[in-house]
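> With the input below, show me the fold.
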Amino acid sequence: MTQENIRLKRYALYLLGKRDYAVAKMRDKLMCQYKRSNKAVVDDSCQTGASCTTVVDQIIQYLISYNFLDDAKYARQYSASLARQGKSKRVIIQKLLNMGIAKDIVESEVVVDEQQQTQAIAHIIESHLRRTPDMLNTIQGRSKLTRHLAYRGFAYDDIRRQMERKAN
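Model prediction:
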């Protein structure tokens, strides 16, 4: 293993010491670091014209083999964090897919408690009602609030149910 490979592996371990990463995000960070070091010693496979991503892939496989990188664990932790922040299940799934986590892992690992979703909707409705108390009394106010919650990824049935509870 060349000096640059060792340096890149240490960089990956340094990053993982700070927080967890998805495999795709770690690959991007390592590729940027590899390209950033212009004075890097290029290994033999790169000199023959093969892709320099093999170095990064070897480091990624090393990290996966020691369970330092695990997309399923990352998806569980990240989705729980976003759910505590009041994000909808749709938004959580979309963010994880945008991070490059496989769809089957996202579907199996994202478990959002319905009670958390209900509380998030209720909290948003209450915050809007504090600013405009008669919002639920007008058609325009109800549609505006419904649109706002729908844009945030909440299901229409849940929105309607919470709005009826708050209206009564």
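
> what's the burial count for Gln140?
For Gln140, the neighbour count with other C-beta atoms under 10 Å is 8. For the C-beta atoms, the positions are set from N, CA and C on the backbone; glycine is no exception.

> actually Leu97, not the one I wrote
14.

> cool, and Asn67?
Asn67 has 8 neighbouring residues, counting by other C-beta under 10 Å.

> Arg131 now?
By other C-beta under 10 Å, 7 other residues sit near Arg131.

> which residues in the protein form helices?
3-18, 23-36, 44-47, 53-65, 71-84, 89-98, 103-109, 114-131, 139-151, 156-167 (DSSP state H).

> Return the helix or strand in this structure with minimum mean pLDDT.
Least confident element among the helices and strands of the chain, by mean pLDDT, DSSP states H and E: helix 44-47 (a mean of 46).

> which phi and psi does the closest residue to Ala120 other than its chain neighbours have?
What sits nearest to Ala120 in space, not counting adjacent residues and going by C-beta to C-beta, 6 or more residues apart in numbering, is Gly86, at 3.6 Å. Backbone torsions of Gly86, given as degrees, to the nearest 10, read phi 90, psi 20.

> List the residues that contact Gly86.
Residues counted as contacts of Gly86 (C-beta atoms under 8 Å, 6 or more residues apart in numbering) are 116, 119-120, 123-124.
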